[in-house]
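Participant: Using only what follows, build the 3D model:
(chains A and B)
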There are 2 protein chains.
Amino acid sequence: MGAYQELERIFAKLHRIGGISGIMHWDAAVMMPEKSAPERAEQLAFLHSLHHETLATKKVGEKIQAAKQRAEDLNDWQKANLRLMEHSWLHATAVDEKLVVALSKAGSECEMAWRKARGENDFKTFAKYMKKVLKLVREMAVAKAEKLKLSKYDALLDQYDSGRKSVEIDAIFSDLKKFLPGFLDKVLTRQKKKKIIPISGKFPIATQKQLGKKMMKKIGFDFAHGRLDTSHHPFCGGGPGDVRITTRYYEDNFLPSFMGVLHETGHALYEFGLPEKWRTQPVGGALGMSVHESQSLFIEMQIARSYEFCEFAAPVTAKEFKRPGKEFSAENLYNTVTCVKPGLIRVEADEVTYPAHVILRYEIEKDLISGGMEIDDLPERWSKGMRELLDVKVPNDKDGCMQDIHWTDGSFGYFPTYTLGAMTAAQLAKAMKKQLPGIMREIQRGDFKNMRKWLAENLHSHGSHYTAEELLKKSTGSALNASAFKEHLQNRYLP
Amino acid sequence: MGAYQELERIFAKLHRIGGISGIMHWDAAVMMPEKSAPERAEQLAFLHSLHHETLATKKVGEKIQAAKQRAEDLNDWQKANLRLMEHSWLHATAVDEKLVVALSKAGSECEMAWRKARGENDFKTFAKYMKKVLKLVREMAVAKAEKLKLSKYDALLDQYDSGRKSVEIDAIFSDLKKFLPGFLDKVLTRQKKKKIIPISGKFPIATQKQLGKKMMKKIGFDFAHGRLDTSHHPFCGGGPGDVRITTRYYEDNFLPSFMGVLHETGHALYEFGLPEKWRTQPVGGALGMSVHESQSLFIEMQIARSYEFCEFAAPVTAKEFKRPGKEFSAENLYNTVTCVKPGLIRVEADEVTYPAHVILRYEIEKDLISGGMEIDDLPERWSKGMRELLDVKVPNDKDGCMQDIHWTDGSFGYFPTYTLGAMTAAQLAKAMKKQLPGIMREIQRGDFKNMRKWLAENLHSHGSHYTAEELLKKSTGSALNASAFKEHLQNRYLP
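Facilitator: Numbers count the residues shown, from 1 in each chain, chains lettered A, B, ... in the order given. All right, here's what the predicted structure looks like:
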């Protein structure tokens, strides 16, 4: 067997371990009895080290070198696969196992402390744990930077969004920063004139579930290869060919689960559309987090908050909830789901103010990694940023710098992917509408066939054959930039 | 680290793999989308070979020998643990991996062919696949017999019920064979005089579920460490500290799910009661299948079909289903759940006729392994056996020799554990009633505390510290025999 073929065998094993972990994680979030958590933690840790032991060996490194020397024997997909194998291997071997274990421990402890401290608005305790995590993340950034020949922050970014550089993000975010404040003012002024009828009352959870499933089927979720369930934090998980999305329900407001299900369905369509032939290999998997998020936001923001979609969805929801009134007119539903309101909390933000939340976190985490600021500086910096970006006053730390889980376990470099995803989605939607001029009339009729086909052909079916940047250029004609996103906001909020 | 300590580490790893497989199997039966089966089969096969690779090595064998040479350093639990480790290792290494793979493949193929052939009553096709399986099982029996220094059939028995010998079973079953036919006649004659009011109509599945959970809680099922779900074939699965039982529901008859849930709860109580300190080690696990089945039959047969339990359960079920009529009197419920009716199908048999089904299969499988009969002889032998044992005429093969799944995948040696379990349960119940004279009055009041405590102290908490035989002697004063079972049948059916 050649070196490349041996690598395929090893990565197929990693794929199995990943698929098993996916189901075990899903089960922990959705099905597991409450007190089975300690045993599950041991099982997941075991799978994690099995993955690490299988990947981070000298032998794998040697095989990669040997395969690279005979790269002329490989076809394009195999070459891309080999590049991704090396990327995984570099990340897995960059950091000493002791540091990985220390970070994992400090991360768990910080996350636990955070849950309590956040409730009590206790920044001091939170900071104590957070400092330990940051110290270890900085060490990890140094190690990864050296191995990957990247800057420290870019080495962290690269974990979530392979190949992404902060210099690109800086340019895009500075463009957005110039645009957003003035734009937001105008949107808020215009919005005042609109009359929105509150969609209130009780929405039985069983009906919400039924409606969610109906929408999923319409859009193309394949229930023979997936499920919808309930969990505290919504996610798209499971494994290849077995895609499991979750949501949570509020009886007095159906929109969080409605929009949440559509968002996760976007993630799921991507998973369903990946090239089956390459399923067990890295090249058959999804691109980084920005692209994955672009697929959920494509469905949630570009499609499901469009006027045309509201025209399709309003009568369906009205019928499902037996509410024939005006609150469920297409116009009122549209005004409701495109309402803009600057606020403290990122996860509750609308698509206009969301980027501000991300930009703030991005700038802070870059400075935290470079050493330009420390954990103790967080509250002040946060208040200043929220005032400047959204004109919002931060009354306390729990709804300020302590609101997110990401940093607690060391996930620095993740936040930008949300907004890069939103921009990628806008760029893709613009290209699709140009290529398929009738597409929004199809959406209006509840026909998602050609939309799905376009996504599959232009994105999903390519797996990780191309880089995110290459693929975006192929499907939209240009590299990632803010213009389609700004244009989208303009069209929707200031037509 | 000493050899024994290293073995504990290796077996803790095997325990993790087993726990993960348990959840993945449960998920496949209960949650998995229909078309995810091929990927799941790969994942389970991967876990199976990981388990095998971890256990069946020369190194493990050497460590076992080294640990045995320093056995004087070990305490009683460790010694028992080492004995069980060796038992696992011997079974895992006895058979060449090629034969294991061939049998697994032939078994899957035969099982699939059986599903179709049974529906079509096509013995000829079934026999073709079954012959391949038998050939390989015979080879395996030879290999295991040599390695374990047992007879061929005993080597197969030993997989399910460590240490059990067919010579003991022969004695017990021949005792039963003498007793049962005459006894059955008398029971049937007596039964004719009883008036049983049919418990018919519709029993909403949601109510059945609620009733099942109520009963489980009463008896002591810990929902913080377990679940009840629905699957096509009921089972008790999951993993340690996370016990998941399943049942199936029929809208026109609540008793199969009611009794099924009680049966699986018996299995679950055993799992819950195992010594936590030894959870990751073989000595902390359950004893063989006879003892496990004794725990389900203890709850289902000894407790839940007693008159006292019916006195407790009748008003509860009547209230749950809103049926105040006489059909739900304690007497009518008791007469219903203790009704005896010789029939063709093992899984539908009552506790009086069940042993006949098992004895027939036991005698046949012994002869199939020894070479005393062949697959082609099955239909004739089956008809003859059913006539002699139960006076039942077998009209076709699908409800005759093709009714069970066990042999299709090579599980020879499993059947006797059902009846050995029933006898163990009777022996345990007799001992408990002697030691706790008021226990059945407690059951009558729906109080299961002392019953659970007795089971925990006398059985569950010992894990596999003692052999099944030793433990039975400790808790009941005698080795396994048919007398308590016969006495139980006499008391219940011919009082």
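Participant: so how far is A:Val243 from the residue nearest to A:Gln295 when sequence neighbours are not counted?
Facilitator: Distances taken as CB to CB, 6 or more residues apart in numbering or on different chains put A:Tyr270 closest to A:Gln295, at 4.2 Å, once the chain neighbours are dropped. For the C-beta atoms, the positions are set from N, CA and C on the backbone; glycine is no exception. Taken as CB to CB, to the nearest Å, the spacing of A:Tyr270 relative to A:Val243 amounts to 9 Å.
Participant: what's the answer for A:Lys194, then?
Facilitator: 38 Å.
Participant: and the two? which has more neighbours close in?
Facilitator: The neighbour comparison of A:Lys194 against A:Val243 (other CB atoms under 10 Å in any protein chain shown) goes to A:Val243, with 27 against 11.
Participant: Does the helix or strand containing that one pack against any helices or strands, and if so which?
Facilitator: Per DSSP states H and E, A:Val243 falls inside strand A:242-247. Here strand A:242-247 touches helix A:3-30, strand A:226-230, strand A:236-239, helix A:255-273, going by 3 or more CB pairs under 8 Å, 6 or more residues apart in numbering or on different chains; DSSP states H and E.
Participant: which residues sit against it?
Facilitator: Contact with strand A:242-247 is made by A:19, A:22-23, A:26, A:29-30, A:212, A:221-222, A:225-231, A:233-238, A:257, A:260-261, A:264-265, A:267-268, A:271-272, B:32-33, B:36, B:39-40, as judged by CB atoms under 8 Å, 6 or more residues apart in numbering or on different chains.
Participant: So which bits of the strand or helix carrying A:Lys124 are buried?
Facilitator: Using DSSP H and E, A:Lys124 maps to helix A:123-148. Residues of helix A:123-148 classed as buried: A:123, A:126-127, A:129-130, A:132-134, A:136-138, A:140-141, A:143-145, A:148 (neighbour count, 16 or more other CB atoms under 10 Å in any protein chain shown).
Participant: do stretch A:362-377 as well
Facilitator: A:Tyr362, A:Glu363, A:Ile364, A:Glu365, A:Lys366, A:Leu368, A:Ile369, A:Met373, A:Ile375.
Participant: now the end-to-end length of stretch A:368-378.
Facilitator: Taking CA to CA, to the nearest Å, stretch A:368-378 runs 9 Å from one end to the other.
Participant: now swap in stretch A:299-310 and tell me
Facilitator: 13 Å.
Participant: what does stretch A:115-124 give?
Facilitator: This stretch, stretch A:115-124, spans 14 Å end to end (CA to CA).
Participant: and if you look at stretch A:412-421?
Facilitator: In stretch A:412-421, first residue to last residue: 17 Å (CA to CA).
Participant: Give the buried residues for that stretch.
Facilitator: Neighbour-count burial for stretch A:412-421, counted by 16+ other CB under 10 Å, picks out A:Phe412, A:Gly413, A:Tyr414, A:Phe415, A:Pro416, A:Thr417, A:Tyr418, A:Thr419, A:Leu420, A:Gly421.
Participant: Over to stretch A:94-101?
Facilitator: Result for stretch A:94-101 [16+ other CB under 10 Å]: buried residues A:Ala94, A:Val95, A:Val100.
Participant: coming back round to it: identify the residues contacting the residue nearest to A:Gln295.
Facilitator: Contacts of A:Tyr270 (CB under 8 Å, 6+ apart): A:Ala286, A:Val291, A:His292, A:Gln295, A:Leu455, A:Leu459, A:His460.
Participant: Repeat the analysis, applying 10 Å as the threshold.
Facilitator: Contact analysis of A:Tyr270 by CB atoms under 10 Å, 6 or more residues apart in numbering or on different chains lists A:236, A:243, A:286-287, A:291-296, A:298-299, A:455-456, A:459-460.
Participant: Can you tell me the SS state at the closest residue to A:His15 other than its chain neighbours?
Facilitator: Nearest non-adjacent residue to A:His15, counting by CB to CB, 6+ apart: A:Thr280, 4.3 Å away. What DSSP: H, G, I helix; E, B strand; the rest coil gives for A:Thr280 is coil.
Participant: For chain B, give me its nearest residue in the stretch 251-400 of chain A.
Facilitator: Chain B sits closest to A:Arg279 of the stretch 251-400 of chain A, with a gap of 8.2 Å, by CB to the nearest CB.
Participant: Count the neighbours of the residue of the stretch 151-300 of chain A found nearest chain B for me.
Facilitator: For the stretch 151-300 of chain A, the nearest residue to chain B under the criterion CB to the nearest CB is A:Asp242, separated by 3.8 Å. When counting by other CB under 10 Å, one arrives at 25 neighbours for A:Asp242.
Participant: And A:Gln210, by the same measure?
Facilitator: When counting by other CB under 10 Å, one arrives at 12 neighbours for A:Gln210.
Participant: Quickly find the element holding it.
Facilitator: Using DSSP H and E, A:Gln210 falls in helix A:205-219.
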